[in-house]
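Enquirer: Predicted model and sequence below, questions to follow.
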Amino acid sequence: MKSILLSASLLLVAIPPAALAQDSKDKPEDTEQWSPAVPVVASGGSETASPPSDATVLFGGKSLDQWVSVKDGSAARWTVADGMMTVLKGAGNIQTRQSFDSYQLHLEYRIPAGITGQGQARGNSGLFLASTGPGDTGYEMQILDSYHNDTYVNGQAGAIYKQVPPLVNPVRKPGEWQSIDVVWTKPVFAADGSLKSPAYLTAFLNGVLVQNHAELRGETTYVGKPSYKPYDRAPIKLQAHGDQSKPISFRNIWVRELPEIAR
């Protein structure tokens, strides 16, 4: 028994304290879910939807006047041409001038034909349903080229990033326009800042249900576990991801604020 204890003690001494500390740190891979695989389905048509009469048009094809830079609040500097806005590398993320409560949102996006790369480095962007700070904080629904492109399932198109995989994969091939429709139910906080009711997301990708009143566990994080922090109203953010071989484009974006319900 003494020899066993002595051997265990020597083993602990042989491992540098720094190595033990390193092993205890969170890693991005810790929150990547790779299975089960998300089923692939074929979506329907790609007709552009007209905004409802009570919608606020966030991008109608001509101007970025409803958007600002997340970094410093200056005018958004993405490019506008041919009825669409396209990510300008180096210009950073953009967000709406207005802040919103719970809402219905529609947007269309196109990943360019000939996109290269693999996994998270192919057509990566993100729709942040509530952007609560200047950094990459908020609640993200992933935008990615998930057409014959394997990655962790809670990071593919239609996922609540690093939290909830999509129910199915209805994405189209690069070069085709695709649509996202979401119903965002914001979290509710008590007077002391504690969480009273979590956020929920229902989402359709190309007209196919991919999130069914999914409960979020907090704000999006790349490393570590999600958590909530109090906020009231927040802008909607679009991500200019640095790993794109070719930038993606957006068009026809509108939002409808929803009546507050008791929770």
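Expert: Yes, it's here.

Enquirer: pLDDT weak spots in the stretch 1-150 of the chain?
Expert: Applying pLDDT under 70 to the stretch 1-150 of the chain flags the ranges 1-24, 41-49, 135-136.

Enquirer: contacting residues around residue 166?
Expert: Residues in contact with residue 166 (Cβ atoms under 8 Å, 6 or more residues apart in numbering) are 38, 153, 156, 157, 158, 159, 203, 205, 210, 211. Using the backbone N, CA and C atoms, a C-beta is placed for each residue, glycine as well.

Enquirer: Where does it sit: helix, strand or coil?
Expert: Look at residue 166: counting by DSSP: H, G, I helix; E, B strand; the rest coil, its state is coil.

Enquirer: Which pLDDT does the model give it?
Expert: pLDDT recorded at residue 166 is 98.

Enquirer: Do a quick rundown of the helices in this protein.
Expert: Remark: helices assigned in the chain by DSSP state H are 2-14, 17-23.

Enquirer: coming back round to it: relative to residue 173, which of the contacts of residue 166 is nearest.
Expert: Of all these, residue 173 sits closest to residue 157, with 12.2 Å by Cβ to Cβ.

Enquirer: Contacts only, for the closest residue to the closest one other than its chain neighbours.
Expert: Sequence neighbours aside, residue 146 is the residue nearest to residue 157 in space, at 3.9 Å (criterion: Cβ to Cβ, 6 or more residues apart in numbering). Residue 146 sits next to 156, 157, 158, 169, 171 when contact means Cβ under 8 Å, 6+ apart.

Enquirer: what about 7 Å?
Expert: Residues in contact with residue 146 (Cβ atoms under 7 Å, 6 or more residues apart in numbering) are 156, 157, 169, 171.

Enquirer: For residue 141, state which of those is nearest.
Expert: When these are compared against residue 141 (criterion: Cβ to Cβ), the nearest one is residue 157, at 8.9 Å.

Enquirer: Check the gap between that closest one and residue 172 for me.
Expert: Applying Cβ to Cβ, to the nearest Å, the value for residue 157 to residue 172 is 10 Å.

Enquirer: same thing with residue 27?
Expert: In this structure, residue 27 and residue 172 are 33 Å apart, going by Cβ to Cβ.

Enquirer: Between those two, point out the one with more neighbours.
Expert: residue 172 (19 against 11; other Cβ atoms under 10 Å).

Enquirer: Just give the nearest non-adjacent residue to the more buried one, would you?
Expert: Leaving out its chain neighbours, the residue that sits closest to residue 172 by Cβ to Cβ, 6+ apart is residue 178, at 5.4 Å.

Enquirer: Also residue 37?
Expert: Residue 37 sits nearest to residue 153 (Cβ to Cβ, 6+ apart), 6.7 Å away.
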